[in-house]
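1. Here is my input; please provide its structure:
(2 chains)
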2 protein chains.
Amino acid sequence: MAILNSTDNSVVKDYSTDELIQKAKEMRSYSMISIHAAGSGHPGGTLSIMDIAAALYLKVACHDPKNPDWEGRDRIFWSAGHKAPAIYAALAASGYFPFEETVKLRKLGSGFEGHPNRLRLQGIELSSGSLGQGLGVAVGSALDAKLEKRKNRVYCILGDGEHNEGSVWESIMSAANYNLNNLIAIVDLNGLQIDGPTDDVMCLGSLKEKYESFGWEVLEIDGHDMEAIVEAFSKASEIKDKPTAIIAHTVKGKGVSYAENVVGYHGAPPKDGRSGEESLDKALDDIGDPQFTKEKVDSLLKIASDYQKIVDKKMVEKLPKFSKSYWWNDSEDMKVDMVPTRNGFGDALAEIGSDKNIVAHGADITSSIRMNKFYADFPERKNRFFSIGIAEANMTLIASGFAREGKSAFVGSYGVFATGRAWDQLRTTACYNKFNINIADAHGGISVGPDGATHQALEEIAVINYLPNIVLTVPCDSNETYKSTKAITYEEGPSVVRYARTATPIVTDKETPYEFGITNIIRFRGRKAKFPDAFEWKLGTEYESEGEAVSLIACGPMLPEAMRAAWILKEEYGIESRILDVHTVKPLDMETINKAAADTNAVITCEEHQVGGFGNIVAGAINTSKNITSPLVMDMVGVQDIFGESGAPWELMIDFKLVAENIVEKAKKLFDKKSQML
Amino acid sequence: MAILNSTDNSVVKDYSTDELIQKAKEMRSYSMISIHAAGSGHPGGTLSIMDIAAALYLKVACHDPKNPDWEGRDRIFWSAGHKAPAIYAALAASGYFPFEETVKLRKLGSGFEGHPNRLRLQGIELSSGSLGQGLGVAVGSALDAKLEKRKNRVYCILGDGEHNEGSVWESIMSAANYNLNNLIAIVDLNGLQIDGPTDDVMCLGSLKEKYESFGWEVLEIDGHDMEAIVEAFSKASEIKDKPTAIIAHTVKGKGVSYAENVVGYHGAPPKDGRSGEESLDKALDDIGDPQFTKEKVDSLLKIASDYQKIVDKKMVEKLPKFSKSYWWNDSEDMKVDMVPTRNGFGDALAEIGSDKNIVAHGADITSSIRMNKFYADFPERKNRFFSIGIAEANMTLIASGFAREGKSAFVGSYGVFATGRAWDQLRTTACYNKFNINIADAHGGISVGPDGATHQALEEIAVINYLPNIVLTVPCDSNETYKSTKAITYEEGPSVVRYARTATPIVTDKETPYEFGITNIIRFRGRKAKFPDAFEWKLGTEYESEGEAVSLIACGPMLPEAMRAAWILKEEYGIESRILDVHTVKPLDMETINKAAADTNAVITCEEHQVGGFGNIVAGAINTSKNITSPLVMDMVGVQDIFGESGAPWELMIDFKLVAENIVEKAKKLFDKKSQML
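-> Sure thing, here's the model as predicted:
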């Protein structure tokens, strides 16, 4: 059937097997070029699923690119959203948009998000990216087809690793419960996850036996044998009493010699040790579609770089202007180093891991969040590290079991998953039991960058703060993350340290004051060669008011932005500001915050988070304090109740108005408002 | 082995099979008496697991009631926490505390919580109650035993229904991954859930095949054959290379003739149509332990009622006093009706369910949250209702699949599970995709009562409010819940209606102003025969200030409390207050709230929620508004960052300081503070 004209049900083109094989080469080539141009992405799974994607979109599924919402179309849900380049290639090959567009992958505003967004591109059935969610949606869609007596089929593409997630088994169970013979799941069994081979990360055993025990029909195929793929889809369509799983044995990185079966190419661009361009050439050579001449590749890369230039220009325009640039490391003085805050977590864990009472867990992104530092240089600790796979709920529970036995147990993942995916487990098992588990809330904030909205945690402060018995820290740089991680390890009950992915300014060092639960006060004292030297730090408990005009109350890597804002405010307007480093959000240092509010009567909160998650806590603390006796003006810098998107970290910070320049704009307005009121 | 003296490893008592059978009778009897005395509880599962509990605690597991934290003990984790009376009976039979204490079940402060709290009673390994979490903790404990080379075994008792939860399959997978031969899971396969037989709620198929496909050893037994039970545990202890699941075929309600295999006795006290006492007598007769003479039963019930009297007295003492009582329906006038807000949800759903574009889902508490009203009187709608079982994540996904196809899809559960258990699915699939799903956030607040902390949702406002694209309503009574439910059904994107379990005052009717997104203003106008008639309502947009002294900003059933507070404030102190009914929390009617703050300069927020979840949002809105020009005093009424507990709904409201009298105390203090400042 395949691509139809939905007005008369005529087949637009009937592909032969050879043509499909050729199309798959073209799709592989475009996806490698786009990942190369993006500088990030997921080549491994993109390549392993590509033959199936070609067969499904061009030969098997009925759909009409001219009428994407055609009611009679077969639905294709991608549960494994990180294979987005394969989706884009399949949609382009089908005619939804020109192939050339796909090279704007992961660039701000392009719509070709790191993980697919159905509201931005036609032909995408589902925005996905958090694993284990697509099959349930497919079940709902298949139930609706039954209810409305539609004849379409519902396909769902899953990775093998996401079968670690319990939600997948819930969906599998429900599909059998409802005898969904119109549902076909395709498992891209490439055998590799991020942390290593599937069997090492969390042994799946026989997926065939498991699906069968849950009441499904199972077909097993070579996922790179085009004839076998098409035949399996045909067989699946004949099964009348139950859902069918096609378990496709595939090779991660298939088609690119140096990437095949190599774990490292899960989430890194094609690069084989030579330059990016040479590596791309080799990849395209291996794939072997002759149309990708040097000229063609160059012209495609130019489309990407031209688009990037437009983005760059927009960002320059978007940044509020002052008499000169105050951007990081733009001046001759005020130089700063940049280090990812996650490094501080890793360094602390490496150190405290020597305590045999510490255990740590992995959720298949162990190295990315620096949890691997627990054992990386200490092979003797490997027996205290437990790989749990992509199963944040179970990880939280297992860590709680260790805590029940007296251990201090580390868990972690990207913040969306570490906190939200396991929220009820965190509440009932960890918090209610007061178990000493330590949660690495990684990838906090929009500065996560090109992975896009699904991976940019922007809600954890709200999600965590209102749970009893828990502790929440949001340190400002890598060094403070190190201190915070050490501080919370032996706090009673569950504790969270939130940290970012990208490199952010280092503004503290070993000597900088740090006391868990006490907010620091920072004052700009005048330009210096090095940015941190331009500021004086004190514990909030030791600070005496200098009559500053405004308080900048920040947490996390927004603190360096607030510091830079203080510099700008002073140099541009002569306004003195008191900067608060609220590294401990729960328990909150209400005294220091309330004193700042009472002293300055003008407060700006700064959070790389949905606005108010932090700011409202501060507002509540101030308003219920006993010492506010004059009117307060307040504003908040944060993400404005919208989801993030793909882009470079600092592009996003500017685009979402989270940088010092935005703080200054608001602070100046507050200052003027306050002056009018006096 | 069984109960040991841990100092010398001597067996305290070696029970014969007949003695175990007798002990199980005693344990069943005590649990029925305690559930009867509590007036609520879970007899069905308590009775089905009791023979296994007797065997495990008295014969199989090694533990020492004199040394509950003995490192060498076998661990017994109850994943199905609602079988708490069985735990208490087993611990009492073992000698952890006197049997007589257990009749204080579900009473405030007794420690015999509706769901077990390990921090309140010795011998409980895990506080549980949210299903599907115990096995993961057991896996952690078993891993720790391996790590530390302890020889103890780890037991985990699971219900059949909770195998709907994906987290259980995550844990099952991980136990096999780590070859945990020290872990024994017992499945109480009684075949009934709350909504009906297990096969109807969500077909489990063969649990044996499923466990085996996940790499476990499986033993199947008659869970009421004491010899078979003991033998199965013995066999399980000999399996050396993998974890073992003992699948015990049991009878729900076993031992009480009228309760056996009857769905209704999942969560209702033993009652067979006659009076409670007669029903209890019949139950005890059926169980057949001769020691439970009328005198003994009476003396046990007296222990319970004497304890309750102490609680009653404490509550009277705890309630702030005024010149007279203003308690609900305590006066000759100011009478009010009480109806659970959940009824309003059910009524609305019954009405709007006629729209064929609406589908609804069940999570095994369909009737409790009134989701059953969708089809109860409309058998023709049954094809649009989908039972999903205890699988909130999957329910959210399936509903999203329906929404993808254009449906308006209802899901719901107790708020902890409806929002928190499915948070990431809600975020990524529902919110990011802007799918039109409608979430019944039931059992919001501490007034859930005797089920205790695990079932009292106190965090949803914080958990939901910071998600983009979502709508959150917290209506004040049953009638407003009806209106809110209808209002959100056709709101674009996901929407939440939060409502309570217990009967709360009816303060609105059909004519009361209601506009989605607009806060109502309510003013006390003087006592009337009926409480609602004493108040005037206006839409916030239409209200002109009358120079009131204080604003009481409330949501949900705290609104009637705020209204009562206004009455008290006026009668006791002559203070006029402006009451705000914030039924729509997101989007927030900032204009009406900010006007109230600017007009009165004194604000109290009232939420049956962790304090600040709502109050901080209000504080943030006020502080960032443009029209605050004089100092504001503010306070918040809410749960003080602690978990709830078991008790009668209104006891808890008093104990957690959530009633009108508490609002008045704070309001009077604010008033005085404001007066001093002027």
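2. show me where pLDDT drops low in chain A?
-> A:1 (pLDDT under 70).
3. Mind doing that once more with 80?
-> A:1, A:626-630, A:678 (pLDDT under 80).
4. domain assignment for it?
-> Domains of chain A are assigned by automatic domain parsing as A:4-287, A:339-505, A:517-677.
5. isn't there a helix covering residue A:144?
-> Yes - the assignment for residue A:144 by DSSP: H, G, I helix; E, B strand; the rest coil puts it in a helix.
6. I'd say it and residue B:405 touch.
-> Yes - Residue A:144 is within contact range of residue B:405, at 4.1 Å (criterion: C-beta atoms under 8 Å). Every C-beta, even on glycine, is put in place using the N, C-alpha and C of the backbone.
7. any shared contact partners between these two?
-> Counting by C-beta atoms under 8 Å, 6 or more residues apart in numbering or on different chains, residue A:144 and residue B:405 have no contacts in common.
8. So which bits of the stretch 51-200 of chain A are right by chain B?
-> Contacts of the stretch 51-200 of chain A with chain B, taken as C-beta under 8 Å from any C-beta of the partner chain, map to A:75, A:117-119, A:125-130, A:133, A:135-145, A:147-148, A:164-171, A:173-174, A:176-178.
9. among those residues, which ones are buried?
-> Among those, those classed as buried by 16 or more other C-beta atoms under 10 Å in any protein chain shown are A:75, A:117-118, A:125-130, A:133, A:135-145, A:147, A:164-171, A:173-174, A:176-178.
10. Now do the helices in the stretch 551-678 of chain A.
-> For the stretch 551-678 of chain A, the helices defined by DSSP state H, counting those that start in this stretch cover A:558-568, A:590-600, A:615-623, A:649-655, A:660-677.
11. which one of the ones you listed lies closest to chain B?
-> Smallest distance to chain B across these (C-beta to the nearest C-beta): 3.6 Å, for helix A:615-623.
12. List the contacts of that closest one.
-> A:461, A:465, A:553, A:582, A:585, A:588, A:590, A:593-594, A:597, A:603, A:605, A:607, A:628, A:632, A:634, A:636, A:638, B:603, B:612, B:615-617, B:619-620, B:622-624, B:632-634, B:636.
13. follow-up on the earlier one: looking at the domains of chain A, which is buried most?
-> Comparing the domains of chain A by mean neighbour count (mean count of other C-beta atoms under 10 Å in any protein chain shown), domain A:339-505 comes out on top with a mean of 25.
14. end-to-end on that one?
-> End-to-end distance for domain A:339-505: 6 Å, by C-alpha to C-alpha, to the nearest Å.
15. Could I get the contacting residues of the nearest residue to residue A:258 once chain neighbours are set aside?
-> Distance criterion C-beta to C-beta, 6 or more residues apart in numbering or on different chains; nearest residue to residue A:258, sequence neighbours excluded, is residue A:272 at 4.0 Å. Neighbour list for residue A:272: A:258-259, A:278-279, A:282 [criterion: C-beta under 8 Å, 6+ apart].
16. 10 Å instead?
-> A:256-259, A:262, A:265, A:278-280, A:282-283 (C-beta atoms under 10 Å, 6 or more residues apart in numbering or on different chains).
17. In strands, which of the residues you listed appear?
-> Of the contacts of residue A:272, none are assigned to strands by DSSP state E.
18. residue of the stretch 351-500 of chain A with the smallest distance to chain B?
-> For the stretch 351-500 of chain A, C-beta to the nearest C-beta, closest residue to chain B: residue A:401, 1.9 Å.
19. correct me, but that residue touches residue A:435?
-> Yes - contact criterion C-beta atoms under 10 Å: residue A:401 and residue A:435 qualify, at 8.6 Å.
20. Overlap of the contact sets of these two?
-> A:407, A:409, A:429, B:126, B:137, B:140.
21. In which helix or strand does the fourth one reside?
-> Secondary-structure element containing residue B:126, defined by DSSP states H and E: none, the residue being outside all helices and strands.
22. Touching, it and residue B:76? I think so.
-> Yes - counting by C-beta under 10 Å, residue B:126 does reach residue B:76; the two are 9.0 Å apart.
23. what's the overlap in contacts for these two?
-> B:87, B:134, B:138, B:156.
24. Just those: which are in helices?
-> Among these, the residues falling in helices (DSSP state H) are B:87, B:134, B:138.
25. For these, give me JSON lines that also has distance to chain A.
-> Shown next, in JSON lines, are these (distance: C-beta to the nearest C-beta, whole Å):
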{"residue": "B:87", "distance to chain A": "15"}
{"residue": "B:134", "distance to chain A": "8"}
{"residue": "B:138", "distance to chain A": "6"}
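26. And the helices in the stretch 401-550 of chain A, which stretches?
-> A:415, A:423-424, A:460-465, A:478-489.
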